[in-house]
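**Student:** Sharing a sequence plus its predicted fold:
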Amino acid sequence: GSEFQDRLFGQSPDLLSCGTNQPHPGASLEQQPDGSYLLNGRWSFASGVMNARYTEVSLPLGRNEQNAEMRITAMVPRHQVEIVDVWHTSGMRGTGSQDIAFNDVTVPAEMVHKYE
């Protein structure tokens, strides 16, 4: 909604962010009793993460009644991300693609969204 957009773009309309939907096995985003979420694990191919202000990571959440995949996604400020320098492919290092990792990062409920 507009509150979420204001949070992201309110300080700077030219916000840089990156995203990845490539979780490693064991990655998780679990809701806590207070409504926040706990983020753990590693994701691959976060292009542009070095210059991003936010990162977006997503995980499969299951399937809906029409058998379409549902996902859950979290927007996390870049300063809470661990960058894992793995992108050493010849000729491709300039893309800035790195793995990113999270270790018990708390994500407020308003920064987590479920979608189909």
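**Tutor:** Cool, the structure landed.
**Student:** and E30, what does it touch?
**Tutor:** By Cβ atoms under 8 Å, 6 or more residues apart in numbering, E30 lies in contact with 37-38. C-beta here means a position set from N, CA and C on the backbone, and glycine is covered the same way.
**Student:** G35 - nearest residue in space that isn't next to it in sequence?
**Tutor:** Nearest non-adjacent residue to G35, counting by Cβ to Cβ, 6 or more residues apart in numbering: A109, 4.5 Å away.
**Student:** Would you check how far apart the closest residue to Q32 other than its chain neighbours and D6 are?
**Tutor:** Distances taken as Cβ to Cβ, 6+ apart put L38 closest to Q32, at 5.7 Å, once the chain neighbours are dropped. As for L38, its distance to D6 is 25 Å (criterion: Cβ to Cβ, to the nearest Å).
**Student:** Show me which of those two is the more surrounded one.
**Tutor:** Set L38 next to D6 and count neighbours by other Cβ atoms under 10 Å: L38 wins out with 14 against 10.
**Student:** who's the more buried one bridged to?
**Tutor:** E30, T106 (DSSP bridges).
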